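>>> Predicted model and sequence follow; I will ask about them next.
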Amino acid sequence: MNIGQAVRERIIELCRERDITINKLSDMSGVTQSTVNNIVSGRNNSATVATIKKLCDGLGITIQDFFASDLFCGLEQEIK
């Protein structure tokens with residue numbers, strides 16, 4: 001798994017836990033629906049830290065909470 005896939009899975013996981021849609025997350029965070037959809041669909045594999053921070057703010061969690069997931073353990077090396 002690479003970082004883009006892990007971010008995508010984490011967003012989906014957090015939405016499921018809170019029983020909210022991706023569109024609702026977009027409204028809550030102020031991140032455009034197209035940006036969130038592109039991240040979740042895999043069309044955007046390089047979400048910025050600023051975007052992830054906005055999503056976290058919308059979810060009411062810290063960025064540390066976002067990355068405190070087993071999804072981010074053992075990621076593939078990005079530079080080969």
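Arrived safely, thanks for sending.

>>> residue ranges for the helices of the chain, please.
For the chain, the helices defined by DSSP state H occupy 3-18, 22-29, 33-41, 49-59, 63-67.

>>> The third one relative to helix 22-29, how many degrees between them?
Here helix 33-41 points in a direction 130 degrees away from that of helix 22-29 (axes from the mean of the first three to the mean of the last three CA atoms, to 10 degrees).

>>> now do the longest one
Here helix 3-18 runs at an angle of 90 degrees relative to helix 22-29 (the same axes, to 10 degrees).

>>> hang on, the earlier thing: would you convert the helices of the chain into JSON lines that also reports distance to Glu78 and mean pLDDT?
C-beta coordinates here come from the backbone N, C-alpha and C atoms, glycine included. Listed next are those as JSON lines, based on distance: least, CB to CB, whole Å; pLDDT from 0 to 100:
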{"stretch": "helix 3-18", "distance to Glu78": "7", "mean pLDDT": "96"}
{"stretch": "helix 22-29", "distance to Glu78": "25", "mean pLDDT": "96"}
{"stretch": "helix 33-41", "distance to Glu78": "17", "mean pLDDT": "95"}
{"stretch": "helix 49-59", "distance to Glu78": "15", "mean pLDDT": "97"}
{"stretch": "helix 63-67", "distance to Glu78": "15", "mean pLDDT": "97"}
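
>>> right, so of those helices, which gets closest to Ile79?
Among the helices of the chain, the nearest to Ile79 by CB to CB is helix 3-18 (11.7 Å).

>>> elements contacting the closest one?
Applying 3 or more CB pairs under 8 Å, 6 or more residues apart in numbering; DSSP states H and E, one finds that helix 3-18 contacts helix 22-29, helix 33-41, helix 49-59, helix 63-67.

>>> Setting aside sequence neighbours, what's the nearest residue to Leu71?
Ala6 (4.3 Å; CB to CB, 6 or more residues apart in numbering).
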